[in-house]
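S.K.: Sharing a sequence plus its predicted fold:
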Amino acid sequence: VVIARASGTHARPAPSAPARGARAVAWHDLECGRYRADLPLWRELAERTRSGGRAGAILDVGAGTGRVALDLASAGHSVSALELDPTLLHALRRRAGGTSVQACAGDARTFQLRRRDFALCIVAMQTLQLFGGAAARKAFLGRARAHMRPGGLIACAIVTDLEPFDCAAGDPAPVPERERVQGVLYLSIPTRVSVHTRSLQIERERVLVPKGAGVGSERALRERSLVVLDRVSAAELEREGVAVGLAAEPARTVAATADHVGSTVVMLRA
Ligand SMILES: C[S@@+](CC[C@H](N)C(=O)[O-])C[C@H]1O[C@@H](n2cnc3c(N)ncnc32)[C@H](O)[C@@H]1O
């Protein structure tokens, strides 16, 4: 689970701070880009699309800056990477230059691509839980089905449960993620996870420390980041898939790591 949307900036960017787009890409890379635990499953599913020596086309939905798409392309797969956020899409397009990844702007709930013969559609890292509820998921599943070849597989990684904690109430904070990009230190500190009837909410404090300043310096920028994930179970998602004409197959799992929760990967066949 990562934090993808920021809100509540408490400080004005210092003149030496990186531009907004560069910051958005750096936060995404820090909070999403380092995750590796799911890659073996996507590689396995991608390999299974091969028939007669040819690999099938892959659709990566909510591709971010290309963590999954670029990994599969490096193994020889052809990937269309759909992304809603123009800033991330721009970074993805730059990184995909010279590879077999095609960056596509679009919303998972309404997209229309020319290709309609995808053998595998991957929705990694709880992206499906950002779409905005059951009607939005249904819209996505309908669009995905329309883009698959007969027998194509739609694989969606979801998190069904999180362990709540609150640093403000004295709970210990998990280890922050940190990265220095062009001299600027990016620090992402999980501060609270809360479980609600319809959502799982994850809050972080993001601290950006300009070149030459310390973490406690007045020049460090602090902002709050909040991710709201829709709650959905594997059984519910399978029912939603069946309702749009997909067939549910046994779900897979991605094990938890020291830094990331595990996920259930719902498998829906066109
Ligand atoms: C948690 S990140 C995962 C990024 C990437 N798939 C990965 O696994 O590293 C979720 C991504 O989905 C994108 N996203 C969210 N809602 C979307 C939508 N409705 N259509 C397309 N992309 C969306 C976000 O902009 C973000 O890049």
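M.R.: Now that the structure is in, tell me what you want to look at.
S.K.: any idea how far R239 lies from Q126?
M.R.: Going from R239 to Q126 by C-beta to C-beta, to the nearest Å gives 19 Å. C-beta coordinates here come from the backbone N, C-alpha and C atoms, glycine included.
S.K.: More neighbours: which of these two?
M.R.: A direct count of neighbours by other C-beta atoms under 10 Å for R239 and Q126 places Q126 higher, at 24 against 12.
S.K.: Spit out the contact partners of the more buried one.
M.R.: Taking C-beta atoms under 8 Å, 6 or more residues apart in numbering, we find Q126 in contact with V1, A157, I158, V159, L229, S263.
S.K.: which residue sits closest to D166 in space, ignoring its chain neighbours?
M.R.: Excluding its sequence neighbours, the residue lying closest to D166 (C-beta to C-beta, 6 or more residues apart in numbering) is R192, at 4.7 Å.
S.K.: my read: the one you found touches F165, true?
M.R.: Yes. If you go by C-beta atoms under 8 Å, R192 and F165 touch, sitting 6.8 Å apart.
S.K.: neighbour-wise, which of those two wins?
M.R.: Taking other C-beta under 10 Å, R192 and F165 do not tie; R192 has more neighbours (19 against 16).
S.K.: who's in contact with that one?
M.R.: Neighbours of R192 in contact, by C-beta under 8 Å, 6+ apart: F165, D166, C167, A168, Q201, I202, E203.
S.K.: starting at the chain centroid, how far to the helix or strand harbouring it?
M.R.: Taking DSSP states H and E as the criterion, R192 maps to strand 184-195. Relative to its chain's centre, strand 184-195 lies at 16 Å (C-alpha atoms, centre = their mean, to the nearest Å).
S.K.: strand partners of that strand, parallel vs antiparallel please.
M.R.: strand 165-166 (antiparallel), strand 177-181 (antiparallel), strand 199-209 (antiparallel) (DSSP bridges).
S.K.: what's the closest of those to the ligand?
M.R.: Closest of the strands paired with strand 184-195 to the ligand is strand 199-209, at 10.8 Å (criterion: C-beta to the nearest ligand atom).
S.K.: neighbouring contacts of the closest one?
M.R.: With contacts defined as C-beta under 8 Å, 6+ apart, strand 199-209 is touched by 1, 3, 6, 17-18, 23, 27, 31, 129, 159, 162, 184-195, 215, 217, 219-231.
S.K.: Mean confidence (pLDDT) on it, please.
M.R.: Averaged across strand 199-209, pLDDT comes to 97.
S.K.: What helices and strands are in contact with the next helix or strand after that strand?
M.R.: Using DSSP H and E, the helix or strand that follows strand 199-209 in sequence is strand 221-230. The helices and strands touching strand 221-230, judged by 3 or more C-beta pairs under 8 Å, 6 or more residues apart in numbering; DSSP states H and E, are strand 6-9, strand 199-209.
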